[in-house]
Each structure stands twice: as structure tokens, then as C-alpha cells.
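Engineer: my questions concern the predicted model and sequence given below.
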Amino acid sequence: MSTPSRTDIHDRRHIEQLVNSFYGEVRQDALLGPIFNGVIGDRWPEHLEKMYRFWATVLINESSYTGTPLRPHLPLPIGGTHFERWLHLFHQTVDRHFEGPVAELAKRNAARMATMFQERITLHRTHPQNFIQ
């Protein structure tokens, strides 16, 4: 049995496929699911729409996202293990559906974002008086 060919991320339809598939995995994940589901609750449609705009802005220059993605994560009980799992699921999702330069860019951006979020969350926890968003 042959596997379906993968394409690169080119348009909003691809962004939605990536986000829906990724967060479908996150919601069911034993480590991440309780945190995401607990915080987001019944607001998943709004969260997914925000994530479509975020990744479309980052990957296909849609310029539809405005906001501060770090701020909602600051009070969450998350650390390195959570970010490792998030990144693993993200890379796995990208690789399952896509291949090409934009797919690789998505994985690089996710890795940079995970690193930056961890650093900023640690700074916020250890020196909140010095924290600049």
C-alpha cells in the first residue's frame, strides 16, 4: 500500500489542516490535554481560529494575527517536559501531512517559539519585577 504524497504548506486550507490535526492530538494527549482542555474549555472554535491566523501569518504571510501569544501562557503550570511534548507532536503532525520548505519553516519556528516561551516563562517566575513582555 502506498502512502499519499505530501505537499508543502501553501494556503489557508493547509494551515487549517495542520492546526486541526495538531490540536486534535494535543486535546487527547495525556500530558498536554488536561492543561489545554482545562484552560480553553468550550472555547476551542475561537482558539483554533486564532491559531489559524497565527500560523497563516507566520508561514504564508497572511498578516491576519494580532496579539501577544506569550501572555496567556505565563500563568500555566508548564515546563520543559510540556514544551518537549508539544514540539514532538507539532513536528510529528507536520511530517505526517506536509513536506517542503514551508513545512520545515513551520518546524523551525515552532522550535524557536518553544525555546523563547520557556525562557520567558522562567524569567517571569524567577524575576517577575524585571519581566518585560
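Structural biologist: Cool, got the structure. Owing to the predicted nature of the structure, the values given are computational and were not obtained by experimental measurement.

Engineer: can you tell me the element Arg108 falls in?
Structural biologist: helix 101-126 (DSSP states H and E).

Engineer: tell me what that helix is packed against?
Structural biologist: helix 44-60, helix 80-97 (3 or more Cβ pairs under 8 Å, 6 or more residues apart in numbering; DSSP states H and E). Heads up, the C-betas are built off the backbone N, CA and C, glycines and all.

Engineer: out of these, flag the one nearest Asn109.
Structural biologist: helix 44-60 (5.6 Å; Cβ to Cβ).

Engineer: could you give the angle of that closest one to helix 101-126?
Structural biologist: 120 degrees (axes from the mean of the first three to the mean of the last three Cα atoms, to 10 degrees).

Engineer: offset the numbering so it begins at 58, please.
Structural biologist: With 58 as the first residue, the last one maps to helix 101-117.

Engineer: where does the protein dip in pLDDT?
Structural biologist: 58-61, 187-190 (pLDDT under 70).

Engineer: same thing but at 80, please
Structural biologist: 58-61, 184-190 (pLDDT under 80).

Engineer: residues contacting Arg84?
Structural biologist: Each residue near Arg84 by Cβ atoms under 8 Å, 6 or more residues apart in numbering is listed here: Gly90, Phe93, Asn94, Trp101.
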